[in-house]
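*Asks:* Build me a model:
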Amino acid sequence: QVRLVESGGGLVQTGGSLRLSCAASGRSSSNYGMGWFRQAPGKEREFVAVISWSSGNAYYTDAVKGRFTISKDNAKNTVFLQMNSLKPEATAVYSCGMTSGLYTSSGYYYHWGQGTRVTVSP
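*Replies:* Residues are numbered from 1 along each chain as shown. Presented below is the predicted three-dimensional model:
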């Protein structure tokens, strides 16, 4: 049984930084991708970033390029999302998901964590 557990959310001021973590357990193969999505109040869930577990290749939505970095720690089976220069519009619940490739659509993700809340104050 695959389990994903996010942590690291919280309250931060505009311009601040947060580092989210997603710890994965129960998966034996390395042929998959891990992605971050976010859902702001009253809005649909949107793609943020994804990383290939085997190659380390990553892809970002344009809104976060240059400010967010997705990375992984193979030994800890953990994916990180370093978020810098945060803006109020980044306020959302951030969830990590597991997929079979570098997909940006949530429909291709088959395991999800419970989410961690990020609030960016003006």
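*Asks:* What's the separation between the spatially most central residue of the chain and Pro122?
*Replies:* For the chain, Trp36 is the residue whose C-alpha lies nearest the centre (Cα atoms, centre = their mean; 2.4 Å). Plainly put, Trp36 is 23 Å away from Pro122 if you go by Cβ to Cβ, to the nearest Å. Quick note: C-beta positions are derived from backbone N, CA and C, even for glycine.
*Asks:* need the helix or strand of this protein with the lowest average pLDDT.
*Replies:* Within the chain, no helix or strand scores below strand 109-112, which has a mean of 93 by mean pLDDT, DSSP states H and E.
*Asks:* Show me which positions of the helix or strand following it end up buried.
*Replies:* Next helix or strand after strand 109-112 toward the C-terminus (DSSP states H and E): strand 116-121. Neighbour-count burial for strand 116-121 flags Thr116, Val118, Thr119, Val120 (criterion: 16 or more other Cβ atoms under 10 Å).
*Asks:* so what does strand 116-121 touch, helix or strand wise?
*Replies:* strand 10-13, strand 18-25, strand 92-99 (3 or more Cβ pairs under 8 Å, 6 or more residues apart in numbering; DSSP states H and E).
*Asks:* okay, the ones you listed, which one's buried deepest?
*Replies:* Among the helices and strands packed on strand 116-121, strand 92-99 has the highest mean neighbour count (mean count of other Cβ atoms under 10 Å), at a mean of 22.
*Asks:* Run the angle between that one and strand 116-121 for me.
*Replies:* Between strand 92-99 and strand 116-121, the angle comes out at 140 degrees (axes from the mean of the first three to the mean of the last three Cα atoms, to 10 degrees).
*Asks:* what lines up beside strand 92-99 in the sheet?
*Replies:* Counting by DSSP bridges, the strands paired with strand 92-99 are strand 33-39 (antiparallel), strand 109-112 (antiparallel), strand 116-121 (antiparallel).
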